[in-house]
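Enquirer: Here is my input; please provide its structure:
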Amino acid sequence: AGERGTIKESKDPTLLLYEDLEDLDLSVPPLPQAISEVLWKAGGKKRATVALLGHESHFTLYSSYKPDHITEKLNLFHFNDVESVRQFVLSNIQTFKSEDFSGCILFMVSAIMSRGIQNIRQDMDEKGGCLLGAHGYCTQELVNLLLCGVAVSNVFDGSMELAS
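Expert: Have a look, this model is predicted:
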């Protein structure tokens with residue numbers, strides 16, 4: 001309890017992701033731990049998908065498609081247990097820390113693929129909502145997906161009381 005108590009009092013924001021610190025693997029550094037936890041929650045604590053860049057394009061480029069050098073090279077890795085997700089993210093953590101910000105895009109794609117398009121649409125308040133707003137900014141739904149694993153439209157603590 002002493003070590004976990006110290007962690008609970010820590011100022012490390014990645015620890016806020018853990019509802020139960022018993023789930024925390026102290027042998028894994030905070031960043032891969034946090035990425036893994038968000039992806040696992042996005043998959044309903046049953047599955048997770050991690051997107052990484054490959055070297056080859058997976059489809060034929062057409063004249064109407066403008067390559068971004070990410071989408072066409074995505075490799076998706078699927079997991080059914082959280083420990084496998086942790087170890088895979090830990091072994092590929094440099095990809096998520098890349099200086100060209102592709103790691104942020106890969107994390108976003110991983111969260112979307114882990115949650116699933118249908119679940120994301122069900123999470124949102126508005127039918128036809130989107131994850132990117134004006135000028136390419138993240139919507140509240142995308143922020144919530146990346147922080148909590150669900151693309152809900154509002155921010156609250158899980159229980160809402162509506163005044164009559």
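Enquirer: Remind me which helix or strand L142 belongs to.
Expert: Here L142, judged by DSSP states H and E, is contained in helix 140-148.
Enquirer: just checking, what packs against that helix?
Expert: Here helix 140-148 touches helix 30-42, helix 102-115, helix 117-123, going by 3 or more C-beta pairs under 8 Å, 6 or more residues apart in numbering; DSSP states H and E. Where C-beta positions appear, they are placed from N, C-alpha and C, glycine not excepted.
Enquirer: and the residue most central in space within the chain, what does it touch?
Expert: Central residue of the chain (C-alpha atoms, centre = their mean): A111, 3.5 Å from the mean position. Contact partners of A111, counting by C-beta atoms under 8 Å, 6 or more residues apart in numbering, are 38-39, 42, 145-146, 149.
Enquirer: Return the member of the residues you listed nearest to V50.
Expert: The closest of the contacts of A111 to V50 turns out to be L39 (C-beta to C-beta; 6.6 Å).
Enquirer: From what I see, the closest one and M108 are in contact.
Expert: No. With contact defined as C-beta atoms under 8 Å, L39 does not reach M108; the gap is 11.0 Å.
Enquirer: and the gap between L53 and W40?
Expert: 22 Å (C-beta to C-beta, to the nearest Å).
Enquirer: Mind checking which of these two has more residues around it?
Expert: Per other C-beta atoms under 10 Å, whichever of L53 and W40 has more neighbours is W40, with 22 against 17.
Enquirer: V85 is in contact with the more buried one, correct?
Expert: Yes. Applying C-beta under 8 Å as the test, W40 and V85 come out as touching, 5.8 Å apart.
Enquirer: residues bridging contact with these two, i.e. touching both?
Expert: A48.
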